[in-house]
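*Asks:* Structure for the following, please:
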Amino acid sequence: MNLKNCFQILIFLIVGFTSLAQAQLASKFQTDKKWMKQELTRMKLPKNFIKDALENYQPESFESVLKLNLLGFLKPPQHMDLVTAQAVTESSRFLKENRKAFESANKKYQVSSDVISALLWVETRHGDNTGQFHILSVYLHLLQSNRSENRQLLTTMALEQNRSLKTYSSKELKKKMQTRTLKKSEWAREELRALASIHKKGQLNLRTLKGSYAGAFGLAQFIPSSYRDYAKSTTANANPNLMKPKDAILSVAHYLSKHGWKNKKAQDKITALMSYNNSRDYADSILAISKQVNPNGG
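*Replies:* Model prediction:
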């Protein structure tokens with residue numbers, strides 16, 4: 001056997017053992033309904049919300065949600081290549097099709113229609129891709145991310161991935177994972193409180209509500225606290241429905257106006273958009289698309 005063949009076999013074995021180790025680690029991820037009930041009770045959430053939450057919990061996505069939310073930072077950052085001819089065309093079309101809703105939102109909140117249309121394209125392709133993760137379960141998953149066994153498994157996976165990337169020292173990465181899991185679980189608590197408030201008002205069907213792995217839903221991809229605080233309905237005495245373009249448009253306008261949007265100041269626009277998604281690429285892309293949008297459509 002020549003040296004080249006030996007090297008190829010060695011690489012194959014290393015990759016195989018790494019994949020096996022990852023699979024074995026993944027199989028150890030476990031949810032704990034008893035623990036969840038204790039935590040939700042400790043948070044003093046309504047009993048009927050806790051009951052519905054546990055009865056409708058979907059554990060199947062536990063592993064994928066934890067890995068997507070807690071390990072995604074290890075991947076090399078990619079520039080958001082969102083400014084395309086299709087983005088401009090579709091944003092122009094969407095604006096034309098929903099002109100009255102945009103005019104109403106602009107009149108009330110003074111947020112540019114072309115920017116809202118571009119934002120909704122970037123977020124969900126105007127509703128074509130709103131996500132298939134059960135939202136309530138996403139937050140119950142993340143609530144468990146800082147439990148010692150889950151934190152240890154996630155940290156081990158992070159260290160394994162970092163071997164090839166070599167982005168962090170082991171000490172740095174362990175500390176970072178400890179911080180990330182704690183912050184993510186605390187964030188999940190706040191969003192579960194928002195969901196409990198939404199549940200109490202009967203605003204959304206939490207049993208069927210679906211969205212992204214990050215816990216956002218609707219055309220506008222609001223998280224629960226954003227829905228609670230900024231979602232608006234275009235119909236009197238009706239709950240906001242972010243799957244409806246009219247409500248999504250008005251809600252985004254309200255959100256941006258409350259986060260410093262000013263039509264005449266470029267930096268205020270960027271600040272408002274980055275409050276929506278903390279990425280300069282994201283903000284710049286939306287503004288670049290909006291500048292090319294044809295208000296007459298097409």
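*Asks:* and Thr41, how many residues sit next to it?
*Replies:* Per other Cβ atoms under 10 Å, the neighbour tally for Thr41 reads 11. (C-beta placed from N, C-alpha, C; glycine too.)
*Asks:* That one and Phe49 touch, don't they?
*Replies:* No - if you go by Cβ atoms under 8 Å, Thr41 and Phe49 don't touch, sitting 10.7 Å apart.
*Asks:* Give me the contact list for stretch 257-267.
*Replies:* Applying Cβ atoms under 8 Å, 6 or more residues apart in numbering, the contact partners of stretch 257-267 are Tyr109, Gln110, Val111, Ser112, Tyr230, Asp268, Lys269, Thr271, Ala272, Ser275, Tyr276.
*Asks:* For this structure, name the helix or strand with the lowest mean pLDDT.
*Replies:* Every helix and strand in the chain was compared by mean pLDDT, DSSP states H and E; the lowest is helix 3-26, with a mean of 49.
*Asks:* Moving C-terminal from that one, which element do we reach first?
*Replies:* Following helix 3-26 in sequence order, the next helix or strand is helix 33-42 (DSSP states H and E).
*Asks:* any idea how far Ala158 is from the nearest residue to Pro76 once chain neighbours are set aside?
*Replies:* Spatial nearest neighbour of Pro76, chain neighbours left out: Leu165 (7.6 Å); criterion: Cβ to Cβ, 6 or more residues apart in numbering. Between Leu165 and Ala158 the distance is 10 Å, computed by Cβ to Cβ, to the nearest Å.
*Asks:* who's more crowded, those two?
*Replies:* Ala158 (23 against 11).
*Asks:* can you pull the contacts of the more buried one?
*Replies:* Residues in contact with Ala158 (Cβ under 8 Å, 6+ apart) are Leu70, Leu71, Leu74, Leu173, Lys176, Met177.
*Asks:* where does the fifth one land in three-state SS?
*Replies:* Look at Lys176: counting by DSSP: H, G, I helix; E, B strand; the rest coil, its state is helix.
*Asks:* wait, isn't it in contact with Tyr168?
*Replies:* Yes - contact criterion Cβ under 8 Å: Lys176 and Tyr168 qualify, at 6.7 Å.
*Asks:* and Ser112, how many neighbours?
*Replies:* Neighbour tally, Ser112, other Cβ under 10 Å: 20.
*Asks:* What are the boundaries of the helices in the stretch 151-298 of the chain?
*Replies:* 170-201, 224-230, 245-258, 266-276, 280-292 (DSSP state H, counting those that start in this stretch).
*Asks:* got the angle between the third one and helix 266-276?
*Replies:* Here helix 245-258 points in a direction 120 degrees away from that of helix 266-276 (axes from the mean of the first three to the mean of the last three Cα atoms, to 10 degrees).
*Asks:* Surely Gln58 touches Val138?
*Replies:* No - with contacts counted by Cβ under 8 Å, Gln58 stays clear of Val138, the gap being 9.3 Å.
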